[in-house]
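Next come a sequence and a model predicted from it.
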Amino acid sequence: MENYRHSFWPRLVIGLALFGICTWTGKAWFHAAPPEPKSLRAPDLGSPWQSSPSNLDVEGDQLVAALGLSQDPKSVLFYLQNLNTVPSDEKLAAAISDFESDDFPVRQGAEKILHSGGLPGLALLEKAAKSEDLEVARRANDCAATIRRSRSPALIGALARMLVREKEAGGVEALMGLGGQLGVDESPLFDALAKHLAIFYAEGMGESVLAGALADKAAHRRALAAATLGATPEWADRVLPILDDNNSRTRLYAAWALVRGGRREGMPKLLEGLADAPPVLREEVVEHLYQVAGDSAPDAPWGPSPQERQAFGATWLGWWAEAGPGLGSITLGPRPFLDRTLLVYLDAGEVAALDSNDKDVWRIRKVDFPLDAEPLQGNRVLLAENQGGRVCIRSHTGRILWQYAVESPIVAQALPGGKTFIATRSDLFVIDRLGNRVREWKRPRGEVIMRASALPDGGLALINMRQRFMRLDAAGEVVESFPVMVSTTGGRVDVAPDGRVLIPMMHQDLVLEMDGAGQEVRRFRVAEPIIAQRLANGHVMITSMSEQKAMEYDAAGRVVWEYQSRTSRVTRAIRH
């Protein structure tokens, strides 16, 4: 046994070399698992904005390259097809028993079988990993890790993208084969498969395979087919009967596809199944609901417990019964521009939305020192309540719909998928809706943070207490740094796609726009500016502390709109 441990890494290197040879010669290689280079980060902890290439995509492309499959779609297809060749349950169970054998070749043979056990073998391996026999536990863990890596959403997504580019229609069958192995807890892989099957279908490939899978014996294959075809007008009628499928997850994905395609018949089943939906799907559905509902959205608090999730779904079911008949389209377009302005009155502890005539649409009182605010769809607002020790989402009535306890937050920024970027003076992290930290950054040199923003490329922009602007890349490395003069803490740093930064210099009565090298591009003369933010129309919104007002500047530097409060500093003004 000791000899085997000493020879493990050399054997791994030899095995990877043999795989390269097998790929080049076209010979079968049945138990491949992508290597795990130190330079790759774990999935789901990459770029917080799904609108840009995520680290999940980058990681997948790197894994494909490491496998030597980058330029060979036939090898990619072979790899995926091989993942679908899974031993019987009996053979897998026997292999687990062989882990306890005193015969080394028998243990090696068992490991080889279990490497090819696929997702159905994971349950057996996870049980074996708890064995008191350390050798059995180690081998089981190794096999389970191999299976997960070889079927990771990052890798499967990268392989699927390559097959789409090469118009390799056999990729649909290969992906659907993986779908037949899925268990209840494999929603990230399901999402990756569904996403890329939709791309295949949009490119005119795999329609017959998907259509046939609507009646497949495997529930996840039915669900994948329904998720792909249900949003299309050509197949929606064929998907409607799946709303009565005997599998709840299949009903849910069919309903979601139908709703995305504008079919109202799917909404009741979607809302009935929302409480038990996988987290990623649940967040997609919730954001869809808030955009469709608009000002009619209900005050529905979200909580993680089953009872709270059930109550959330029931509230939306009631909303659909009342408001649904009067709604127009339930499909999503671009986020609507409401021509409203969200204002934060810091001293008064109030947040309000004004209409185009500067009249209150709604006003929330007793907000506990909000240092950051962001309007959300459905008449909601995300707040960093600094003295309240929480980041929360409130409805237009002021009711807290969701909250996360954190000491003295200074930034709260909504990210796709229900995630939130939070900054305090000492922490930078992203949480999901359940409050789990899914990404954290180390402060450069342990600096105290004054302002911060999450950027679309997975990096950060921040200003520290030593009066320096810093831009971090997705790996957390400082790629830009230059001196600034910012005097107030709280809120974000506005960074344009080309790297230009808006810096409010309160004590200099000046807002500077600077390039990535820290050189001045233009300036605005403003009394004690607090925040400067670009608007969608290219204008710049600036708030003034001493004048207690917000001002909108056009490209020529002229004030084209302003609002002044008589009772409180106006510290944030966001047009949406």
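Okay, I see it.

Which secondary structure element of the chain has the lowest mean pLDDT?
The helix or strand of the chain with the lowest confidence, counting by mean pLDDT, DSSP states H and E, is helix 2-25 at a mean of 42.

which is the next helix or strand following it?
Next helix or strand after helix 2-25 toward the C-terminus (DSSP states H and E): helix 55-66.

Going toward the C-terminus from that next one, what's the next helix or strand?
Toward the C-terminus, helix 55-66 is succeeded by helix 73-83 as the next helix or strand (DSSP H and E).

helices and strands around that next one, which ones?
Counting contacts by 3 or more CB pairs under 8 Å, 6 or more residues apart in numbering; DSSP states H and E, helix 73-83 is packed against helix 153-165, helix 170-179. Using the backbone N, CA and C atoms, a C-beta is placed for each residue, glycine as well.

Export those helices to a markdown table and append columns for mean neighbour count and distance to Trp362.
Listed next are these as a markdown table, based on neighbours: other CB atoms under 10 Å; distance: least, CB to CB, whole Å:
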| stretch | mean neighbour count | distance to Trp362 |
| --- | --- | --- |
| helix 153-165 | 23 | 40 |
| helix 170-179 | 23 | 45 |
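
Of those, which is nearest Ala128?
In terms of CB to CB, the element of the helices and strands packed on helix 73-83 nearest to Ala128 is helix 170-179, at 23.0 Å.

Please find the angle between the direction vectors of the closest one and helix 73-83.
Inter-element angle recorded for helix 170-179 and helix 73-83: 20 degrees (by axes from the mean of the first three to the mean of the last three CA atoms, to 10 degrees).

for the record, mean pLDDT for helix 170-179?
For helix 170-179, the mean pLDDT works out to 91.

Can you list the low-confidence ranges for the chain?
By pLDDT under 70, the weakly predicted segments of the chain are 1-56, 70-71, 184-185.

Excluding chain neighbours, what is closest to the most centrally placed residue in the chain?
Nearest to the mean C-alpha position of the chain, by CA atoms, centre = their mean, lies Gly417 at 4.3 Å. Excluding its sequence neighbours, the residue lying closest to Gly417 (CB to CB, 6 or more residues apart in numbering) is Glu283, at 5.2 Å.

so that neighbour is in which element?
Remark: Glu283 resides in helix 279-293, with elements defined by DSSP H and E.

so what does that helix touch, helix or strand wise?
Using 3+ CB pairs under 8 Å, 6+ apart, helix 279-293 is in contact with helix 187-202, helix 248-260, helix 306-323.

could you give the angle of the last one to helix 279-293?
On the basis of the same axes, to 10 degrees, helix 306-323 is oriented at 30 degrees to helix 279-293.

Now do helix 306-323: everything it contacts.
With CB atoms under 8 Å, 6 or more residues apart in numbering as the test, helix 306-323 has contacts from 267-268, 271-276, 289, 293, 296-303.

Just the ones of those in helices?
Within the contacts of helix 306-323, residues falling in helices by DSSP state H are 267-268, 271-272, 289, 293.

Apart from its chain neighbours, what residue comes closest to Tyr404?
For Tyr404, ignoring the flanking residues on the chain, the nearest one in space by CB to CB, 6+ apart is Val391 at 4.9 Å.

What is the neighbour count of that neighbour?
By the criterion of other CB atoms under 10 Å, Val391 has 26 neighbours.

swap in Phe337?
Residues near Phe337, counting by other CB under 10 Å, number 10.

That one contacts Leu535, correct?
No - using CB atoms under 8 Å, Phe337 is not in contact with Leu535, being 10.5 Å away.

before we move on, back to that, ok, the ones in helices among the contacts of helix 306-323 vs Leu92, which is closest?
Nearest to Leu92 out of those is Glu272 (CB to CB; 35.9 Å).

List the contacts of that closest one.
Glu272 is in contact with 313, 317, counting by CB under 8 Å, 6+ apart.

ok, which stretches of the stretch 301-450 of the chain are strands?
Taking DSSP state E, counting those that start in this stretch to define them, one finds strands in the stretch 301-450 of the chain at 341-345, 350-354, 360-364, 370-376, 380-385, 390-395, 400-405, 411-415, 419-423, 428-431, 437-441, 449-454.

and Ile400, how many neighbours?
Neighbour count for Ile400, taken as other CB under 10 Å: 15.

How is this protein divided into domains?
Using automatic domain parsing, the domain ranges for the chain come out as 2-229, 236-326, 341-378+436-575, 379-435.

With distance to Gly333 added, can I get the ones you listed in JSON lines?
Compiled in JSON lines, the domains of the chain are given as follows (distance: least, CB to CB, whole Å):
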{"stretch": "domain 2-229", "distance to Gly333": "16"}
{"stretch": "domain 236-326", "distance to Gly333": "9"}
{"stretch": "domain 341-378+436-575", "distance to Gly333": "12"}
{"stretch": "domain 379-435", "distance to Gly333": "17"}
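
of all those, which lies closest to Leu332?
domain 236-326 (5.8 Å).

and the closest one, how far apart are its ends?
22 Å (CA to CA, to the nearest Å).

now it, how far from the centre of its chain.
Computed by CA atoms, centre = their mean, to the nearest Å, the separation of domain 236-326 from the middle of its chain amounts to 19 Å.

just stretch 376-384 next, same as before
Relative to the mean C-alpha coordinate of its chain, stretch 376-384 is positioned 18 Å out (CA atoms, centre = their mean).

how long is it from one end to the other?
One end of stretch 376-384 to the other measures 14 Å (CA to CA).

With stretch 219-239 instead?
End to end - CA to CA - stretch 219-239 spans 14 Å.

Ok, stretch 490-497 next?
End-to-end distance for stretch 490-497, by CA to CA: 22 Å.

right, and the helices and strands packed on helix 73-83 - which one's nearest Ala550?
Minimum separation from Ala550 across those (CB to CB) falls at helix 153-165, 43.2 Å.

got the angle for the closest one vs helix 187-202?
Taking the same axes, to 10 degrees, one finds that helix 153-165 is oriented at 10 degrees with respect to helix 187-202.

show me what contacts the closest residue to Tyr201 other than its chain neighbours?
Of all residues not flanking Tyr201 in the chain, Thr228 sits nearest, at 5.4 Å (CB to CB, 6+ apart). By CB under 8 Å, 6+ apart, Thr228 lies in contact with 194, 197-198, 201, 210, 257.

helix, strand or coil for Thr228?
Three-state call for Thr228 (DSSP: H, G, I helix; E, B strand; the rest coil): helix.

Next one: it from Arg390, what distance?
Thr228 sits 40 Å away from Arg390, going by CB to CB, to the nearest Å.

Val526 now?
For Val526, the distance to Arg390 equals 31 Å [CB to CB].

Among these two, which residue is more densely surrounded?
Between Val526 and Arg390, Val526 has the larger neighbour count (other CB under 10 Å), namely 26 against 18.

Please name the nearest non-neighbouring residue to that one.
Distances taken as CB to CB, 6+ apart place Ile542 nearest to Val526, at 5.2 Å, with adjacent residues excluded.

Check which helices and strands the host helix or strand of that neighbour is in contact with.
Using DSSP H and E, Ile542 sits in strand 540-544. In terms of contacts (3+ CB pairs under 8 Å, 6+ apart), strand 540-544 is packed against strand 529-534, strand 549-553, strand 570-575.
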